[in-house]
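Asks: Sequence first, predicted coordinates after that:
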Amino acid sequence: MIFMAAMTEQLVTLWVLFVFTVVGNSLVLLSTRRRKRKSRMTFFVTQLALTVPRFLRRTKPLTFPPWASPPSARSHSSSRFCPQVVLLYASTYVLVSLSIDRYHAIVYPMKFLQGEKQAKVLIATAWTLSFLFSIPTLIIFGKRKLANGEVQCWALWPDDSYWTPYMTVVACLVYFIPLAIISVIYAIVIRTIWTKSKAHEIVISSCSDGKPCTRYNRGLISKAKVKAIKYSMVIVLAFICCWSPYFLFDMLDNFSLLPDTRERVYASVIIQNLPALNSAINPLVYFLFSSHVGFPCR
């Protein structure tokens, strides 16, 4: 009874998030397409909006009947399941690519201006890695008839003991390793911005004593770059807030460190919806920072 109630609540929540995600990201794609002057940031925003169908189709502990699951959660064969895994990896690796691009914009501004192809190379690399890491899905998953008679996409290995190493590897590739890279990159970016800002303040103060001097703005970072950094950091922060509980819960669950109680079932329902919430939040962040959208609309 608890299982069915939790499944129904999760189903309703996923459908609501699905509608908000599709509408919001469609508006983002329409907005970026209509912009006459497209920047590299616009390119990354477009790529991020294309990775929205990342509602994880977890096979345990909760499942959906084939007729009831939202379109993004339906998977009855490995060939249909694989594209969802590609988008799962891509949603993370696009953020890593965005972080690397912002790193070059702040730390190496001259090379950044001369390397317009870098953004396309980063995105191409992100999608290539996503496809490569998703190939095992075609081998591991396939159609399987469950005890309740449902036919769903399920792992075809001999027993469930394979779940622990598999999910550990996936968690590292999808979340923990990219998060470490992003954290290091933005730590360097913040330190660089702080250093350049202090250097500029020293030049200004030396020129305020009334004596003739020359001012240099080499240490000053443009407002556009700072705004882009703020946007990307908010996107990354939303990613961390939505995905951290999911992967931490998943790791504890896979290593059997959580008690089998009613609270665990309801916690699972809430936590499994957070990744879908991330896809719905990103459009809101974009329109909040976008100067091409009127303030009332934002």
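Replies: Thanks, I have the structure now.
Asks: How far does stretch 137-154 sit from its chain's centre?
Replies: 27 Å (C-alpha atoms, centre = their mean, to the nearest Å).
Asks: Give me the distance between the two termini of that stretch.
Replies: 10 Å (C-alpha to C-alpha, to the nearest Å).
Asks: what comes up buried for that stretch?
Replies: Thr137, Phe141, Gly142, Gln152, Cys153, Trp154 (16 or more other C-beta atoms under 10 Å). (Each C-beta comes from the backbone N, C-alpha and C, glycine too.)
Asks: for stretch 265-272, same thing?
Replies: Buried, per 16+ other C-beta under 10 Å, within stretch 265-272: Val265, Ser268, Val269, Ile271, Gln272.
Asks: and the gap between the last one and Pro178?
Replies: Using C-beta to C-beta, to the nearest Å, we find Gln272 at a distance of 20 Å from Pro178.
Asks: just the first one next, same as before
Replies: Here the distance between Val265 and Pro178 works out to 29 Å (C-beta to C-beta).
Asks: rewinding a little: among the buried residues of stretch 137-154, which ones are in strands?
Replies: Among the buried residues of stretch 137-154, the ones falling in strands (DSSP state E) are Phe141, Gly142, Gln152, Cys153, Trp154.
Asks: what angle sits between the helix or strand harbouring Arg102 and strand 151-155?
Replies: Secondary structure assigned from DSSP states H and E places Arg102 in helix 78-107. With axes from the mean of the first three to the mean of the last three C-alpha atoms, to 10 degrees defining the directions, helix 78-107 sits at 50 degrees from strand 151-155.
Asks: chain center to helix 78-107, what's the gap?
Replies: Counting by C-alpha atoms, centre = their mean, helix 78-107 comes out at 7 Å from the chain centroid.
Asks: And the pLDDT for Val96?
Replies: As predicted, Val96 sits at a pLDDT of 95.
Asks: Give me the number of neighbouring residues for it.
Replies: By other C-beta atoms under 10 Å, the residues close to Val96 number 20.
Asks: my guess is it meets Ser183, correct?
Replies: No. Checked against C-beta atoms under 8 Å, the pair Val96 and Ser183 is beyond contact range at 10.9 Å.
Asks: mind checking how far Val52 is from Thr13?
Replies: 16 Å.
Asks: who has more neighbours, these two?
Replies: Neighbours were counted for Val52 and for Thr13 using other C-beta under 10 Å; Val52 has more, 24 against 16.
Asks: Tell me the secondary structure at the more buried one.
Replies: Secondary structure, DSSP: H, G, I helix; E, B strand; the rest coil: Val52 is coil.
Asks: Now do it against Ala124, distance only.
Replies: Applying C-beta to C-beta to Val52 and Ala124 gives a distance of 20 Å.
Asks: Please spell out which residues along the helix or strand Leu277 falls within are buried.
Replies: Leu277 is part of helix 262-289 when elements are defined by DSSP H and E. Across helix 262-289, burial judged by 16+ other C-beta under 10 Å covers 265, 268-269, 271-283, 285-287, 289.
Asks: in the stretch 51-200 of the chain, what spans have low per-residue confidence?
Replies: For the stretch 51-200 of the chain, applying pLDDT under 70 flags the ranges 53-83, 112-116, 146, 153, 198-200.
Asks: Spatially nearest residue to Trp127, not counting backbone neighbours?
Replies: Nearest residue to Trp127 in three dimensions, chain neighbours excluded: Ala90, at 5.8 Å (C-beta to C-beta, 6 or more residues apart in numbering).
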